[in-house]
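S.K.: Predicted model and sequence below, questions to follow.
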Amino acid sequence: MIPLSPLDLGEILGGAFSTLGRYWRQLLGIAVTVYGVALLVAGGALTVAYAAVGDHLSAVVDTPARSSPSWADVQPLVITFAVVWVVVMAVLLLANAMMQTCCPAIVQEAVLGRPVRVGTILLRALSRVPAVIGTVFLSGLIMLIPVLLFITGIVSTMVTVVATGGWDPAGWLIPLAFAGALVLGPLAVWLWVLFSLAPAAVVIESRGPVGALRRSVELVRGSWWRICGISLLAFVIASVAGLALQQVFNVTRLFPGAFDTGEFGYEPTFEQIFIAVSGYLVLALVGQLVSQIFSTTFSQLVLGLLYIDQRIRKEDLAPALIAAASAAQAAPPAPSTGP
């Protein structure tokens, strides 16, 4: 049970774990639905891509060791890889946005002690996903600037060394890019924490992207270090637990036959190798999916509880929550419609 009062660190983390324990069926059902659809779309894109350029891929893989593959075979692979990458990234963004929308909705019901239905949460999330995507996009642009500067510095260094064989007079731009990344990095982290409660504001208060960002700043102001520390700890816990879950599935590579091409001759083809490792690839994919589900869900539950906690602290929301929870407990159960 989540206390309807200002929450300390233990209560926030405990509330996230208790929500996972109480609503694990709903969370798992939502996550499997969301990421399952994402995997189907990504798998469909890969299937279409392989059907389109499979011959070119086989030609490149089967190129003799001392020969170079033909550009006529490489070019379609590069273009197809770029297109598939864009599709997969878009699908992953949409799936993560769905989870960022569903988790605050579940936290809202968990705080009041009300039951949750998967269909109800998904329908509610679908109506708020565009606003959450807008919020994530706007806040993501903040992190993009220092990252681009850092990448620019690395690429410029490599190009300068390869092209000139040494230092170029224009090389002063390289340390400038690195310095810009170092200066803007802390600023990006500061702004990210300020906007970290925006998805919860989108879902619970039905705000638009800009309004949600402003609302997050309002709630975080004065508690930045506390929210930063709790959020960082939640992400560390989620990452470590997700990695541990993934390693459980990766242990299967130690089993005999996980990668066995002995039946395919001295130089197996690409198709034969793919068939030989398909079982391992499926298990690795399942492990990655389980890890992603826990990592995303736990961190978003913590952020949702931080949003509730800040509203309790700043707006004295506790009496309203207690009244709503009492009304939910006093309400008679819905009549059964089954036989």
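M.R.: Ah, there it is. Numbers count the residues shown, from 1 in each chain.
S.K.: Mind listing what's buried along stretch 297-317?
M.R.: Judged by neighbour count using 16 or more other C-beta atoms under 10 Å, the buried positions of stretch 297-317 are 297-313, 317. Using the backbone N, CA and C atoms, a C-beta is placed for each residue, glycine as well.
S.K.: If you could redo that for stretch 201-213, that was the one I meant.
M.R.: Buried residues in stretch 201-213, defined by neighbour count with 16+ other C-beta under 10 Å: 201, 202, 203, 204, 207, 209, 211, 212, 213.
S.K.: How about the secondary structure of the first one?
M.R.: In this case it means residue 201. Assigned with DSSP: H, G, I helix; E, B strand; the rest coil, residue 201 falls in the helix class.
S.K.: surely residue 99 meets residue 300?
M.R.: Yes. In this structure, residue 99 is within contact of residue 300 by C-beta atoms under 8 Å, at 6.3 Å.
S.K.: What about residue 22, how many residues nearby?
M.R.: Counted with other C-beta atoms under 10 Å, residues neighbouring residue 22 total 17.
S.K.: contacting residues for it?
M.R.: Under the criterion of C-beta atoms under 8 Å, 6 or more residues apart in numbering, the neighbours of residue 22 are residue 110.
S.K.: Including distance to residue 141, could the buried residues of stretch 201-213 go into TSV?
M.R.: Shown next, in TSV, are the buried residues of stretch 201-213 (distance: C-beta to C-beta, whole Å):
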residue	distance to residue 141
201	18
202	17
203	21
204	24
207	19
209	12
211	17
212	15
213	11
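S.K.: Could you look up the SS state of residue 116?
M.R.: coil.
S.K.: Quick check: the gap between it and residue 30.
M.R.: Remark: distance between residue 116 and residue 30 (C-beta to C-beta, to the nearest Å) = 9 Å.
S.K.: of those two, who's got more company?
M.R.: A direct count of neighbours by other C-beta under 10 Å for residue 116 and residue 30 places residue 30 higher, at 26 against 19.
S.K.: thought that one was touching residue 120?
M.R.: No. Counting by C-beta under 8 Å, residue 30 stays clear of residue 120, with 10.6 Å between them.
S.K.: Where does the prediction get shaky in the stretch 201-339 of the chain?
M.R.: Low-confidence segments of the stretch 201-339 of the chain, defined by pLDDT under 70: 252-279, 328-339.
S.K.: now with 50?
M.R.: By pLDDT under 50, the low-scoring segments of the stretch 201-339 of the chain are 333-339.
S.K.: can you give me the helices for it?
M.R.: Secondary structure of the stretch 201-339 of the chain, counting by DSSP state H, counting those that start in this stretch: helices at 209-220, 224-250, 270-315, 318-330.
S.K.: out of those, nearest to residue 41?
M.R.: Proximity to residue 41 (C-beta to C-beta) singles out helix 270-315 among those, at 14.0 Å.
S.K.: Show me what the closest one packs onto, helices and strands only.
M.R.: On a contact count with 3 or more C-beta pairs under 8 Å, 6 or more residues apart in numbering; DSSP states H and E, helix 270-315 meets helix 9-22, helix 24-61, helix 71-112, helix 198-204, helix 209-220, helix 224-250, helix 318-330.
S.K.: what angle sits between the last one and helix 71-112?
M.R.: Orientation check (axes from the mean of the first three to the mean of the last three C-alpha atoms, to 10 degrees): helix 318-330 against helix 71-112 gives 90 degrees.
S.K.: all numbers from here: first residue = 30
M.R.: Shifting the count to begin at 30 puts that one at helix 347-359.
S.K.: which other residues reach helix 347-359?
M.R.: For helix 347-359, contacts defined as C-beta under 8 Å, 6+ apart pick out 33, 34, 35, 140, 141, 142, 143, 337, 341.
S.K.: Can you say which of those are buried?
M.R.: Buried residues within the contacts of helix 347-359, defined by neighbour count using 16+ other C-beta under 10 Å: 33, 140, 141, 337, 341.
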